[in-house]
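> predicted model follows, preceded by the sequence.
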Amino acid sequence: MCLVDPDFGLEGQEGHGSRCRGLIHDRTLRGPKELYLLYSREYEDAIKTSNEKSDLVKFIDYVWSRLSNANSIPTPTGGRDDHRARLALFGPGIESQRTKFLVRRLVNAHNNTVNAVDFVPGQAGGIGSGVRIDLKKLYTFDLICLYTNSKRIREAEVEIDLENLRSRRLLASHNRLLVQDIPEDLNEDASPGCPWICSTVLKLLPTLDGILFSIDTTETISEAEAAPLRSELFAVLKGVAEGEGANTPLLVLSCKDKSAATDVTMNNNHVNGNNANLVHLAKILGLTDEKRLKARPWGIFEIDIATMEGIEESLLWLLYHNQKQKTQLQYHVQSATSQ
């Protein structure tokens, strides 16, 4: 796991001799110590204890005693009853023939890590419906999947090559989430507001606690091929920011089926499907562009569709971040009302 924070850049995270499974850019994290705690067994046990006994005082003291300069800022709780995160998953990775099983394996999972426990009703037309998932008995969240079209229409287009399929996703005539074509070279100042996304989805986006963008990286993606991916991603992020979602965290899932992947030699212009050069992938997706993302936290993780390796780590960061922000907000509200 690699931590990316304001004190050192993406390049500084490469080359430590170990394989990097994920990158996190989150200014709310207090450095490697908190990141270690987030993924530690001690932290997991503490959350489970607080969930079972509803006694958070000792848990708060425990976690923040492990962090330097904690002062009076409260720690996040497990969050199973305090707050149920609402996440939306979209992107070409959930529609690609090679990585589309990501959704099926999430919504049909019943194991100690991921357990689908209920269905979530949506708005008129089915937008916003999803599945309620329990993650390791630590967090419960609602997962909403945003597909460009019905399964029948998507399967009718499987013969289209992947590069053209990425571009077709930007067309309103091939994407039911859109009312206007998204420019393939979308930039921050392309248009005020978010005129491309349909009103039903625009109403949904500000209610989300996290955005999951899935891409198929089984084969290499050049910077030119990443252009439609960037445009689709930032069009949705502009829609999220229309409400109060300027700081809604973004999680990018770099999906591949390693059992079927083949080795590809990486050069400076490509992302290797097996080695998962997440640093380069983050750059060509525009995640390192401070002007575009501003203060938005983001993470990018490698996901093996065959084993679902990586999904636990990615969701743990996202859900931890959400619960931490909510707990801190509650603390400040209580402090203000008590004065």
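That came through, no problem. Numbering: from 1, shown residues only.
> for Leu212, give me its contacts.
Going by CB atoms under 8 Å, 6 or more residues apart in numbering, Leu212 touches Leu87, Ala88, Leu89, Phe90, Gly91, Leu251, Val252, Leu253, Leu318. C-beta: built from backbone N, CA, C; applies to glycine.
> now swap in Cys198 and tell me
Arg176, Leu177, Leu178, Val179.
> got the contacts of Leu212 as a markdown table, with distance to Arg292, pLDDT and neighbour count columns?
As requested, these are arranged in a markdown table below (distance: CB to CB, whole Å; pLDDT from 0 to 100; neighbours: other CB atoms under 10 Å):
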| residue | distance to Arg292 | pLDDT | neighbour count |
| --- | --- | --- | --- |
| Leu87 | 21 | 96 | 23 |
| Ala88 | 19 | 96 | 24 |
| Leu89 | 21 | 97 | 22 |
| Phe90 | 18 | 96 | 22 |
| Gly91 | 17 | 95 | 26 |
| Leu251 | 16 | 97 | 23 |
| Val252 | 14 | 97 | 27 |
| Leu253 | 19 | 97 | 26 |
| Leu318 | 20 | 96 | 28 |
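> between those, which sits nearest Ser231?
Nearest to Ser231 among those is Gly91, at 12.0 Å by CB to CB.
> can you give me the strands for the chain?
Under the criterion DSSP state E, strands of the chain are mapped to 2-4, 22-25, 85-90, 114-120, 130-135, 139-145, 210-216, 250-256, 298-304.
> can you spell out which helices and strands pack onto the fourth one?
Helices and strands in packing contact with strand 114-120 are listed as helix 101-107, strand 130-135, strand 139-145; criterion 3 or more CB pairs under 8 Å, 6 or more residues apart in numbering; DSSP states H and E.
> with the fifth one instead?
Counting by 3+ CB pairs under 8 Å, 6+ apart, the packing neighbours recorded for strand 130-135 are helix 101-107, strand 114-120, strand 139-145, helix 311-338.
> flag every buried residue along the first one.
By that I understand helix 101-107. Phe101, Leu102, Val103, Leu106, Val107 (16 or more other CB atoms under 10 Å).
> make CSV out of those and add pLDDT.
Below are those laid out as CSV (pLDDT from 0 to 100):
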residue, pLDDT
Phe101, 93
Leu102, 95
Val103, 94
Leu106, 94
Val107, 92
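> picking that back up, now render the helices and strands packed on strand 114-120 as JSON lines, adding distance to Thr307.
What follows is the helices and strands packed on strand 114-120, written out as JSON lines (distance: least, CB to CB, whole Å):
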{"stretch": "helix 101-107", "distance to Thr307": "10"}
{"stretch": "strand 130-135", "distance to Thr307": "17"}
{"stretch": "strand 139-145", "distance to Thr307": "19"}
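> among the ones you listed, which is nearest Asn164?
helix 101-107 (21.9 Å).
> dump the residue contacts of the closest residue to Cys145 other than its chain neighbours.
Closest residue to Cys145 apart from its sequence neighbours, by CB to CB, 6 or more residues apart in numbering: Leu89 at 5.1 Å. By CB under 8 Å, 6+ apart, the contact list for Leu89 reads Val103, Leu143, Ile144, Cys145, Leu146, Leu212, Ser214.
> among the residues you listed, which pair sits farthest apart?
Farthest apart among the contacts of Leu89 by CB to CB are Ile144 and Ser214. That separation is 13.1 Å.
> which residues in the stretch 151-300 of the chain form helices?
Along the stretch 151-300 of the chain, counting by DSSP state H, counting those that start in this stretch, helices occupy 151-156, 162-168, 199-204, 227-241, 278-284, 290-293.
> Serialize these to CSV and add fields for mean pLDDT, mean neighbour count and distance to Ile47.
Listed next are the helices of the stretch 151-300 of the chain as CSV, based on pLDDT from 0 to 100; neighbours: other CB atoms under 10 Å; distance: least, CB to CB, whole Å:
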stretch, mean pLDDT, mean neighbour count, distance to Ile47
helix 151-156, 75, 12, 37
helix 162-168, 71, 17, 39
helix 199-204, 91, 17, 29
helix 227-241, 92, 23, 28
helix 278-284, 91, 21, 27
helix 290-293, 80, 14, 29
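> go through those helices and name the closest to Tyr39.
Shortest distance between Tyr39 and those, using CB to CB, is found for helix 278-284: 16.9 Å.
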